[in-house]
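Student: Okay, structure incoming, though there's no sequence with it:
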């Protein structure tokens, strides 16, 4: 019975303010999620591409000799085990 009485009286005075705050927070959350997606999915890839353009060749110059030394070490280990 109490609930019916409350419904007849109308909504709680703070209800509209709370609904508006929830709508505002949802909009704010949506904006933050869109910004995060922009950073992760677009800007991050652009930064990675720019990095590779600037330093990719230099990284290869470092990686290739290290890989070559790794192959030589493997071959030496195989020869020692024979």
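Tutor: Structure received. Note that the structure is a prediction, hence the values are computed from the model and not measured.

Student: So for the biggest helix by length in the chain, mean pLDDT?
Tutor: Ranked by number of residues, the top helix in the chain under DSSP state H is helix 44-81. On average, the pLDDT along helix 44-81 is 91.

Student: and that helix, how far from the chain's centre?
Tutor: 27 Å (CA atoms, centre = their mean, to the nearest Å).

Student: Report the secondary structure state of residue 11.
Tutor: coil (DSSP: H, G, I helix; E, B strand; the rest coil).

Student: Now do the phi/psi pair for it.
Tutor: Torsion angles at residue 11 (phi, psi; degrees, to the nearest 10) stand at phi -70, psi 160.

Student: Please work out how many residues are found near it.
Tutor: For residue 11, the tally of surrounding residues (other CB atoms under 10 Å) stands at 10. Quick note: C-beta positions are derived from backbone N, CA and C, even for glycine.

Student: Could you do the one 10 residues further on as well?
Tutor: In terms of burial, residue 21 registers 11 neighbours under the definition other CB under 10 Å.

Student: got a list of what it touches?
Tutor: Neighbouring residues of residue 21 by CB atoms under 8 Å, 6 or more residues apart in numbering: there are none.

Student: What's the separation between it and residue 55?
Tutor: The gap separating residue 21 from residue 55 is 48 Å, by CB to CB, to the nearest Å.

Student: do the same with residue 67
Tutor: As for residue 67, its distance to residue 55 is 18 Å (criterion: CB to CB).

Student: Just the pLDDT for residue 5.
Tutor: Looking at residue 5, its pLDDT is 55.

Student: what sits against residue 28?
Tutor: Residues near residue 28 by CB under 8 Å, 6+ apart: none.

Student: Let's check: the centremost residue of this protein is which one?
Tutor: residue 40 (4.8 Å; CA atoms, centre = their mean).

Student: So it, which state does it fall into?
Tutor: Per three-state DSSP, the local secondary structure of residue 40 is helix.

Student: What values do phi and psi take at residue 14?
Tutor: Main-chain dihedrals, residue 14, degrees, to the nearest 10: phi -90, psi -10.
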